[in-house]
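[1] mind looking at a prediction? Sequence and model below.
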There are 2 protein chains.
Amino acid sequence: MGKQSKVAESSWENLLRIFTVPEAPGSTLNRLDRDISTNLSGFLGEHIVAEENDLAVIEQDFSDARIPEAPAFVSEQTQFLLDKVVSQSVHTASPSFVGHMTSALPYFMIPLSKIMIALNQNLVKTETSKAFTPLERQVLGMLHRLIYGQPDDFYDSWLHHSERRLGAFCSGGTVANITALWAARNRAFGPDGEFPGISRGGVFSAMRHYECEGAAVLVSERGHYSLSKAADVLGIGRDQMVAVETDGYNRIRPDALVATLKRLKQQRIRPFALVGIAGTTETGNIDPLDGLADIAAEHGIHFHVDAAWGGPTLFSERYRPRLAGIERADSVTIDAHKQLYVPMGAGMVLFREPSALGSIEHHAQYIIRQGSRDLGSTTLEGSRPGMAMLVQSALKIIGRQGYAMLIDNGIQLARRFADRITALDDFELVTEPELNILTYRWAPPEVQALLGKADDALRQRINDHLNRMTQSIQKIQRERGKAFVSRTRLTPSRHGGQAITVFRVVLANPLTTDQVLRELIEEQRQIAAEQRESADFAELKALLASHYRQG
Amino acid sequence: MGKQSKVAESSWENLLRIFTVPEAPGSTLNRLDRDISTNLSGFLGEHIVAEENDLAVIEQDFSDARIPEAPAFVSEQTQFLLDKVVSQSVHTASPSFVGHMTSALPYFMIPLSKIMIALNQNLVKTETSKAFTPLERQVLGMLHRLIYGQPDDFYDSWLHHSERRLGAFCSGGTVANITALWAARNRAFGPDGEFPGISRGGVFSAMRHYECEGAAVLVSERGHYSLSKAADVLGIGRDQMVAVETDGYNRIRPDALVATLKRLKQQRIRPFALVGIAGTTETGNIDPLDGLADIAAEHGIHFHVDAAWGGPTLFSERYRPRLAGIERADSVTIDAHKQLYVPMGAGMVLFREPSALGSIEHHAQYIIRQGSRDLGSTTLEGSRPGMAMLVQSALKIIGRQGYAMLIDNGIQLARRFADRITALDDFELVTEPELNILTYRWAPPEVQALLGKADDALRQRINDHLNRMTQSIQKIQRERGKAFVSRTRLTPSRHGGQAITVFRVVLANPLTTDQVLRELIEEQRQIAAEQRESADFAELKALLASHYRQG
């Protein structure tokens, strides 16, 4: 423990030291700092204990709500973090952690993040961000161009325009979606005669002025939960985030959409936005965006595409056509901390029209003054860090071709994994991967056979048992810490709309291989076998036995 | 340039290298990484070129909206960042950068941030954050206790309760304020009989059900702009964020507040929240919180305190009494990236009642399921980074006593600076520092004398000139890059409510000394003297001459 890293007692001199004196070369923290730079995977492998402790046990180390009176040594806190936090965190970068939308990060992200943190810029205004403001605008322009592909002079005109922004940078896809719908709402119910607009007047006077019984947003039933949250926050109401039925591929049904629009019209509820999904969170499917663009245009409503996950598919020449129509969207959400491989906390919403964000523009006396280039005048958040620096670096260092390879790899890996599951007797592929997400479950061949000829009631009983088995297998596998898949509930038409609990696999980590997935499946099969004594397993067997006795 | 840091061409092998091979020890990036750890102030001093280039010039380096087709070398991008971004960023940590709410960071923040980034946890759910979830809950508990000081058994019961949260962690004060008002709105217009509550039904049906002509939030005219933004976002409308008059000390006037409440009642507009400010952004004043708590209680409305800036004053035994009444608030916003000395992107809102966040609770099938400990079910944001780790570390390493010293130092430094300005002939203190923020302007003694006896029209003419002078001096000083104050516009009663442009100084950096401030003032005086040839200076002189000729 280096002397310099100590703050032994509360004195002004000691306090100033922690602001002026770096960690000593021999200190625990300095050593970790170096380890992470030179051997991140080693650091994670060594320190992250994959075996899961029960949360209730972990909580005991975080049970004191008192702020300590006296200061602790840096080395003491560092050791605490290693023992209690790092070692009990989740190895999100692991190739076998395929349950959520996290991945290994490119190595350069770690030192670059450190530069970003050390500079501690605040993007709300140029006075605290200077070059970071044009940099963030450039990143927004790059993503705008990826989606909308406008000509050079468009970007020459608008990229750095003091009264326009091509999008808003934010902490993630949820804020991006809220921002898009906020802008759409304010545009749809804008100033009109005496009415000052919904921004000033609020939802209530807007509905009265425009003689509506409500305002609605339409999205498929597979829409991300952030959209209902947006409807709640924006004062529209969750019930007015209207869930439209999907087809067998989890894509919105245009006929159902048109019928819904008709119904809303009859109810005098005004739909002001239609959300298409490019990569549903649970199954990775893509709505028919071009068709949605037609419907939105016909009805004069804002067309937003939630491409938080699937947006970077646009990098791939091969798979880009799956998102055809996205260039007709009024706004698009893309998360940088997902498939742009940037650390947590970076999302964007891009707007086709440079003037679109005008509907949420706001000013103050001390910053974001009218006519300034300050980005804070059109963001939902106020103070924001310089994450755009990481996005720009990734776009330049990985390049379009590199991202294309990453996207292609994930989709092809998912395709091979899906084929493998289909070929296995004791697993059932529940949703085909359209991108790099798929869902499946464990179901022995005789159970699958029985499901095939069961009536609804029997099917329900079987599914109930299978659902609990899926839940157990997922939990046990997570606890063993070698691999991780997530789980969700779907209502596939193949199962007559019954709720099916499934394993969900997201394949975006370039270090995940076919071999990793083979082992993952093997472990699940093993866990299922170990469950032979469980009540659900026993009842499944009983159901099978009784059926075959009858049959 | 180390070979390992190169990604020369698009190939899968090269791509995998950037995910698996660390930066080579000799690479530019690795060297910077080390420099920052061992000598941050040296790094900043060496690389941040304080002299300001015009934004239009900087923009030229960020004008290409094309995503490069081929990958760039890491070393190439690092050099670009150094030359074009780092060197043109703002030295927010500088002791003479006293214009905004930024400060030097404690050294340990830099390596700890790196650990946080490397772990890349996502706090939306325990499956991607494990120990980080109890850690974040502990931090929320610590801040809750700082404000509300509940007994041990309160925290034993609620800190880790799966169905309760003591607050919400977020990217900053704006999201914190929106979250507080969102929860308040949903609570005030909750489910009632057939009505499903405003969360599901929206603002329009809520107003009809509760027979109101609108919903309002009250705050002093010095409220942060994020509050009007919140009113816009939440569908209340900016006009229903009612600005209540302040007294000569920028504090809300309780009599004006009561009159406003009466008027709203007559208009059948229902106020559902009253916001008290603990540290106004522009002047650092504190509303009479205890009195506001009484009024809120009497009218049965949610009492929120925006203590984004001033909250940490609670650490100081000496100055804590200035926030008396904050413990009666229903919710309180505190920013960690301000006076908790954590890097950009960390705010919190605490709720007195553990059940308060229930009104904005939401669930999904694949995460934040009912009964889970997942923090994402009560946050406005979705995916969030593990910033709580930095807050916990700061609270433990600095300790209550350390924070008290930091707070006391800033307030006392501001007091001395204010006294100095008052003692100077050619500067005018515009607002006294109640905490560590003050405003002032340059105004030669003869101009001050004339202002003292001028009628409104003459006063206006003089102030117009002074305002432009203040604006020039602030801009020129910023451009010279030695020191930075911000500017804002106030309407002090002493100036008959005329708009006055002022320098704004925020004193939270422990490295800022009296000497730094003396030099800052000296430079401003110097710049003013250099402006003798300006039109405003000439006209001021003419005004003076004409007056004294007459007089």
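    Good, I have the coordinates. In this text, all values refer to a predicted model and were calculated from it rather than measured experimentally.
[2] for chain A, longest strand please?
    strand A:269-277 (DSSP state E).
[3] A:Ile476: neighbour count?
    16 (other C-beta atoms under 10 Å in any protein chain shown). Every C-beta, even on glycine, is put in place using the N, C-alpha and C of the backbone.
[4] just A:Leu140 next, same as before
    25.
[5] what pLDDT does the model give it?
    Looking at A:Leu140, its pLDDT reads 98.
[6] could you pull out the helices in the stretch 451-551 of chain A for me?
    A:456-480, A:514-530, A:535-550 (DSSP state H, counting those that start in this stretch).
[7] of all the ones you listed, which lies closest to chain B?
    Ranking the helices of the stretch 451-551 of chain A by distance to chain B, with C-beta to the nearest C-beta as the measure, places helix A:456-480 first at 7.2 Å.
[8] for the closest one, give the mean pLDDT please.
    Taken as a whole, helix A:456-480 has a mean pLDDT of 95.
[9] same question, stretch A:63-82
    Taken as a whole, stretch A:63-82 has a mean pLDDT of 96.
[10] hmm, the longest strand of chain A touching chain B?
    No: taking C-beta under 8 Å from any C-beta of the partner chain as the criterion, strand A:269-277 and chain B are apart, separated by no less than 9.7 Å.
[11] what's the pLDDT at the closest residue to A:Leu406 other than its chain neighbours?
    Leaving aside its sequence neighbours, A:Leu406 sits nearest to A:Pro510 (C-beta to C-beta, 6 or more residues apart in numbering or on different chains; 5.8 Å). pLDDT recorded at A:Pro510 is 98.
[12] ok, now which ones touch A:Pro510?
    If you count contacts by C-beta atoms under 8 Å, 6 or more residues apart in numbering or on different chains, A:Pro510 has them with A:103-104, A:406, A:409-410, B:15-16, B:19.
[13] just the buried residues out of those, in ChimeraX syntax.
    Filtering the contacts of A:Pro510 down to the buried ones (16 or more other C-beta atoms under 10 Å in any protein chain shown) takes a single ChimeraX command:
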select /A:103,104,406,409,410 /B:15,19
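[14] looking at the contacts of A:Pro510, which are in strands?
    Using DSSP E, none of the contacts of A:Pro510 sit in strands.
[15] closest to B:Ile301 among the contacts of A:Pro510?
    A:Ser103 (46.3 Å; C-beta to C-beta).
[16] so who does the nearest residue to the closest one once chain neighbours are set aside touch?
    Nearest residue to A:Ser103 in three dimensions, chain neighbours excluded: A:Asn509, at 4.0 Å (C-beta to C-beta, 6+ apart). Contact analysis of A:Asn509 by C-beta under 8 Å, 6+ apart lists A:93-95, A:97-98, A:102-104.
[17] could you dump the residues you listed to JSON lines with pLDDT?
    JSON lines is the format used below for the contacts of A:Asn509 (pLDDT from 0 to 100):
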{"residue": "A:Ala93", "pLDDT": "95"}
{"residue": "A:Ser94", "pLDDT": "95"}
{"residue": "A:Pro95", "pLDDT": "96"}
{"residue": "A:Phe97", "pLDDT": "96"}
{"residue": "A:Val98", "pLDDT": "97"}
{"residue": "A:Thr102", "pLDDT": "92"}
{"residue": "A:Ser103", "pLDDT": "94"}
{"residue": "A:Ala104", "pLDDT": "95"}
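[18] give me the beta-bridge partners of A:Phe503?
    Bridge pairing for A:Phe503 (DSSP bridges) gives the partners A:Tyr440, A:Arg487.
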